[in-house]
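Undergrad: Got a sequence here, can you build the structure:
(2 chains)
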Amino acid sequence: MSHFIDRRLNAKNKSSVNRQRFLNRHKEQIKRSIDQVITDRSVTDVSSGENITIPKRDLSEPIFHHANDGQRQRVHPGNDQFQQGDKIERPKQSGGQGTGEGNASDQGEGEDEFTFEISHDEYLDLLFEDLALPNLEAKQNADAQEFKTTRHGFSEVGLPNNINIVRSLKKSISRRIALTGSTKRELTALEEQLATLEQSSGENYQARKSLEAQIQHCKERINRVPFIDDFDLQFNHYARTPVPSSKAVMFCIMDVSGSMDQETKDIAKRFYILLYLFLSQTYQTTEVVYIRHHTQAKEVDEHEFFYSQETGGTVVSSALRLMHKIQQQRYPTSQWNVYAAQASDGDNWNDDTPLCKEVIERDLLPNTRYFSYIEITKSSHQSMWHCYEKISELYPEFAIKHIKERADIYPIFRELFATS
Amino acid sequence: MTNQSATKFKDCEWTFEKLEYFDNIISDVACSFGLSTYPNQIEIISSEQMMDAYSSVGMPIGYNHWSYGKKFIQTQKNYHRGQMGLAYEIVINSNPCISYLMEENSMTMQALVIAHACYGHNSFFKNNYLFTTWTDADSIIDYLVFAKKFVSDCEEKYGVKAVEDTLDSCHALMNLGVDRYKRPAKISLHEEKNRQDEREAFLQAQVNDLWRTVPKSKQVEENLNSHRFPQQPQENILYFIEKNAPLLKSWQRELVRIVRKIAQYFYPQRQTQVMNEGWATFWHYTIINTLFDEGKVDNSFMLEFLHHHTNVVYQPPYNSPYYSGINPYTLGFAMFQDIKRMCEEPTAEDKAWFPDVAGSDWLHTLHFACKNFKDESFISQYLSPHLIRELKLFNTLDDDQNNFIEIDAIHNEQGYLKIREAMSQQYNLSYLEPNIQIHHVDISGDRSITLRHYGHHNISLGDNIDEMLKHLYRLWGFEVILESENEVGKVSEITRCPKAPSPE
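TA: Below is the predicted model of the structure:
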């Protein structure tokens, strides 16, 4: 006799531990792979997970096996043309080793990469492992302007819709027990007396009458205690507690003058993506403002920001001013955490550089959590770098980094935010 | 009309009552054919759970290891993209015999699977000599529970990384961790636990004794030098390591043992793929047909059944894009059918080739075949000329000295024997896997271990031997040398680990 068991309601994720082990073991390769795929994303696309591709040899489980040489015999089915002694050309793929195991997928012979999907959270965790936003703690409470209502115990006064019924009834019951206790005892005693009186025979009509009156009196007293009273009522109490603002705005500032080619822009884009993902991990809402500039600055959308071509000179301060203006108008620091990332190839009109310094120090830094400047160039630094260098020495929230090529981005990003 | 189609649809859905009903009638038929089975434990699972079961290579309980995670990710990916369907069932060689049925299956499918797994595979597990000699269906579940607990205890004590390293190396050598000839003793879980402590102490003491560095009298030393260790080449490398590796901690020895035991448990399955699947397929076909003859299932049931059955036994020809070797279901099913045919309607050819089989009682002959063979011997015993013609088998000879492939034999009078022999070799594990044995350990010198690969047909080892030696080195702790002996007895060193010879 067979025994049937329904296992469908059992836990499904028996393999999740093993999956986690796999991810941990191949963290390095996965990180490398993430770095490669990151350019294909839109800056603000954080909803999706990621396809991770790792070279197969990195996760091989080796066993002793034969090479493809020597003399081998092999039996095949479905002969439709061969005679004994026929000599035929050796087919290109000489695989097909395993004895017909796995009817499904022996086809993708040349497949040498292992692709799989990780969830969005896993993706971010891996990407930003050991990284933290700087200067976060110190400012957190000082700026708090948002409030959240939370449960805060119980009170005896409040609005009717906040009545806590269970507690109120409990109080009501205990009050009624307290107030009627002695009367009830009295009542039981009287009733017993009455009972004994009724047992005994004869002329005790008077006594019975008075007893019954007393019993009646007691019952009335008990009934007079109200079922619920004002001071039974208990109300849920709420309190408003300040919460740190969880909104961030990220200003992307980029030079789009003639000297910036698409390659440089792509590098900048990678950096922005990383920063955006990183912020969105910490903050509930993250908005992005794109400001591009040559001699004049303009707020644009993402596509225009990265892909439209402009020519002309470079005046960086115009963008910084615009950023300040937008920030003041739309993103007050009381509600928003402001982050700025500027990318440039280092070109600036020489006379403009001192102006930049002034705007940054006076207007931007006091309102900004973090201002990062990356310079993407292979040639030597110009005046703007040296000027920014001085600022970064004075202000810890201002950071500058130099990127030479694609491969530098992720390491430099990690350098910027590494927890010391 | 709509009503009728509604009831029809309802008919395809399975319910527990129907499952029990079908199990009963299938069981009756199976009994009438003399199939003896372990009691069945049939578990209904969802597709997610099936993927879990897949990735733990069919073990109902497995210790944690990244490689299972990798398999899971692979399976999940392929399944979600629709590149691969999940198996309809998984069956475990245990007593009671556990089979997993997918909830997605239709009623017909469930009946097929019950006949296939719960009576076909089950009876094979219970009766085939390889399984009865080398696996212990009664204790495997307990043993797996014990293994899982032991591994997780070790992880807690010594760290996940250390355990993982050891397991990695053991997994690499897993195929060389089986006894091919010696029969392991049966023990229960409790005994296993009790013995474990004893073994720990005893083994450690023994190993120390083997490697004792206290100087001995000269005579003893000479004796030691004169006899080699091990006295005979050892084929079970993991066993040898478990007993003799000088630097392993006792918990590592136990891990080696666990992997070795599991390898041994799966060894018969790897040797009986064709027979096992063939046997199960033969019986689901025979049982369901009997049910149809008895009028217990209707035409629509039968049509769906035949559709699935045909898919299972489909053999694409060698030049089809779907061809990936011989389908073990096809070959096994066809062979059992062929044996039955030879018993019932023997031809003159059958009588000449199989005097014992032709005209005998088919049930008796079939049970005899199931009990006493493995793929290799089964094919060389029973592959008939009739079947070779039917499958149009041909044998190719691929010599890397030539720039062509020769057709060595086809399905004609001269070819039958050759094809049968080649086919049997194709399922001979000791031919398919490199024959590597522990040849020599330098116990009085640098403690290096020498492995010898016995080559045949000029086939060399794959290109990952360095990687493999590293794993062996991790377990052994001292130099590992791999040499190769070819068919004429010439021995040459292939590689060693660690690579660089010491400067001295």
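
Undergrad: show me what contacts the nearest residue to B:His440 once chain neighbours are set aside?
TA: Nearest non-adjacent residue to B:His440, counting by Cβ to Cβ, 6 or more residues apart in numbering or on different chains: B:Thr450, 4.3 Å away. Quick note: C-beta positions are derived from backbone N, CA and C, even for glycine. Neighbouring residues of B:Thr450 by Cβ atoms under 8 Å, 6 or more residues apart in numbering or on different chains: B:438-442, B:481-483.

Undergrad: what's the answer for A:Ala418, then?
TA: By Cβ under 8 Å, 6+ apart, A:Ala418 lies in contact with A:130-131.

Undergrad: and it, how far is that from A:Glu129?
TA: With the distance defined as Cβ to Cβ, to the nearest Å, A:Ala418 ends up 10 Å from A:Glu129.

Undergrad: list the buried ones in stretch B:263-278?
TA: For stretch B:263-278, burial by neighbour count (16 or more other Cβ atoms under 10 Å in any protein chain shown) applies to B:263-278.

Undergrad: could you pick out which of those are near chain A?
TA: When contact is defined as Cβ under 8 Å from any Cβ of the partner chain, the buried residues of stretch B:263-278 meet chain A at B:Gln273.

Undergrad: So which of the buried residues of stretch B:263-278 are in strands?
TA: Counting by DSSP state E, no part of the buried residues of stretch B:263-278 is found in strands.

Undergrad: out of the buried residues of stretch B:263-278, who's nearest B:Ser139?
TA: Using Cβ to Cβ, B:Tyr265 is the member of those that lies nearest B:Ser139, at 10.1 Å.

Undergrad: what's the pLDDT at that closest one?
TA: According to the prediction, B:Tyr265 has pLDDT 88.

Undergrad: Not counting its neighbours along the chain, what's nearest it?
TA: Once flanking residues are discounted, B:Tyr265 sits nearest to B:Thr135: 5.2 Å by Cβ to Cβ, 6+ apart.

Undergrad: Show the backbone phi and psi for that neighbour.
TA: The phi/psi pair for B:Thr135 (degrees, to the nearest 10) reads phi -120, psi 160.

Undergrad: which residues sit in contact with it?
TA: Applying Cβ under 8 Å, 6+ apart, the residues contacting B:Thr135 are B:93, B:125, B:264-265, B:268.

Undergrad: about what we covered before: please work out the average pLDDT along the host helix or strand of the residue nearest to B:His440.
TA: Applying DSSP states H and E as the criterion places B:Thr450 in strand B:449-454. The average pLDDT for strand B:449-454 rounds to 90.

Undergrad: Please save the CA atoms from whichever helix or strand comes after it in CSV.
TA: Using DSSP H and E, the helix or strand that follows strand B:449-454 in sequence is helix B:465-476. Provided in CSV are the C-alpha atoms of helix B:465-476 (Å, rounded to 0.1, in the frame of the first residue of the first chain):
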residue,chain,number,x,y,z
ILE,B,465,45.0,17.6,-14.3
ASP,B,466,46.9,20.4,-12.7
GLU,B,467,43.7,21.6,-11.1
MET,B,468,42.9,18.1,-10.0
LEU,B,469,46.3,17.5,-8.5
LYS,B,470,45.9,20.7,-6.4
HIS,B,471,42.8,19.2,-4.9
LEU,B,472,44.6,16.0,-4.1
TYR,B,473,47.4,18.0,-2.7
ARG,B,474,45.1,19.9,-0.4
LEU,B,475,43.9,16.6,1.1
TRP,B,476,47.2,14.8,1.1
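
Undergrad: what's the average pLDDT for the helix or strand following helix B:465-476?
TA: Counting by DSSP H and E, the next helix or strand C-terminal to helix B:465-476 is strand B:480-485. Mean per-residue pLDDT for strand B:480-485: 90.

Undergrad: do stretch A:25-36 as well
TA: Mean predicted confidence for stretch A:25-36 is 73.

Undergrad: anything in it near chain B?
TA: Yes - residues of stretch A:25-36 contacting chain B under Cβ under 8 Å from any Cβ: A:Arg25.

Undergrad: now that stretch: how far from the chain's centre is it?
TA: Distance of stretch A:25-36 from the chain centroid (Cα atoms, centre = their mean, to the nearest Å) equals 20 Å.

Undergrad: Let me know the pLDDT of the residue of the stretch 251-400 of chain A found nearest chain B.
TA: The stretch 251-400 of chain A approaches chain B most closely through A:Leu277 (22.9 Å), counting by Cβ to the nearest Cβ. Listed pLDDT for A:Leu277 reads 79.

Undergrad: What is the neighbour count of it?
TA: By other Cβ atoms under 10 Å in any protein chain shown, 21 other residues sit near A:Leu277.

Undergrad: mind listing what the closest residue to A:Ser383 other than its chain neighbours touches?
TA: Nearest residue to A:Ser383, sequence neighbours excluded (Cβ to Cβ, 6+ apart): A:Thr353, at 5.0 Å. By Cβ under 8 Å, 6+ apart, A:Thr353 lies in contact with A:316, A:383-384, A:387.

Undergrad: what residue ranges in chain B score low on pLDDT?
TA: The model of chain B has pLDDT under 70 over residues B:1-11, B:82-86, B:181-192, B:203-227, B:500-504.

Undergrad: Strands along that one, start to end?
TA: B:40-45, B:89-92, B:97-102, B:394-399, B:404-409, B:435-441, B:449-454, B:480-485, B:491-497.

Undergrad: quick one, which of those strands is nearest to A:Ser15?
TA: Nearest of these (Cβ to Cβ): strand B:40-45, 13.2 Å.

Undergrad: do the closest one and chain A meet at all?
TA: Yes - Strand B:40-45 comes into contact with chain A (Cβ under 8 Å from any Cβ), by way of B:40-45.

Undergrad: Show me which of these is closest to chain A.
TA: Taking Cβ to the nearest Cβ as the measure, chain A lies nearest B:Asn40 of these, at 3.8 Å.

Undergrad: Surely A:Gln342 forms part of a strand?
TA: Yes - applying DSSP: H, G, I helix; E, B strand; the rest coil, one finds A:Gln342 inside a strand.

Undergrad: quick one: contacts for the closest residue to chain A within the stretch 351-500 of chain B?
TA: When scored by Cβ to the nearest Cβ, the stretch 351-500 of chain B has B:Ile459 as its residue closest to chain A, at 3.3 Å. Contacts for B:Ile459 (Cβ under 8 Å, 6+ apart) come out as A:66-67, A:69-72.

Undergrad: Over to B:Val259?
TA: By Cβ under 8 Å, 6+ apart, B:Val259 lies in contact with B:167, B:170-171, B:174, B:177, B:238.

Undergrad: Pretty sure B:Ser484 sits against B:Asn458.
TA: No - distance between B:Ser484 and B:Asn458: 10.9 Å, which falls outside the contact criterion (Cβ atoms under 8 Å).

Undergrad: These two: which has the busier surroundings?
TA: More neighbours surround B:Ser484 than the other of B:Ser484 and B:Asn458, with 20 against 14 (other Cβ under 10 Å).

Undergrad: if you skip the residues just before and after it, what's nearest to that one?
TA: Distance criterion Cβ to Cβ, 6+ apart; nearest residue to B:Ser484, sequence neighbours excluded, is B:His453 at 4.5 Å.

Undergrad: correct me, but the one you found touches B:Leu482?
TA: Yes - because the distance of 6.7 Å satisfies Cβ under 8 Å, B:His453 is recorded as touching B:Leu482.

Undergrad: Specify the beta-bridge partners of the residue nearest to B:Ser484.
TA: Listed beta-bridge partners, B:His453: B:Ile436, B:Ser484 (assigned using DSSP bridges).

Undergrad: That one - how many residues pack around it?
TA: Neighbours of B:His453 under the rule other Cβ under 10 Å: 20.

Undergrad: And B:Arg389, by the same measure?
TA: A total of 16 residues lie near B:Arg389 under the criterion other Cβ under 10 Å.

Undergrad: Many thanks, we can stop here.
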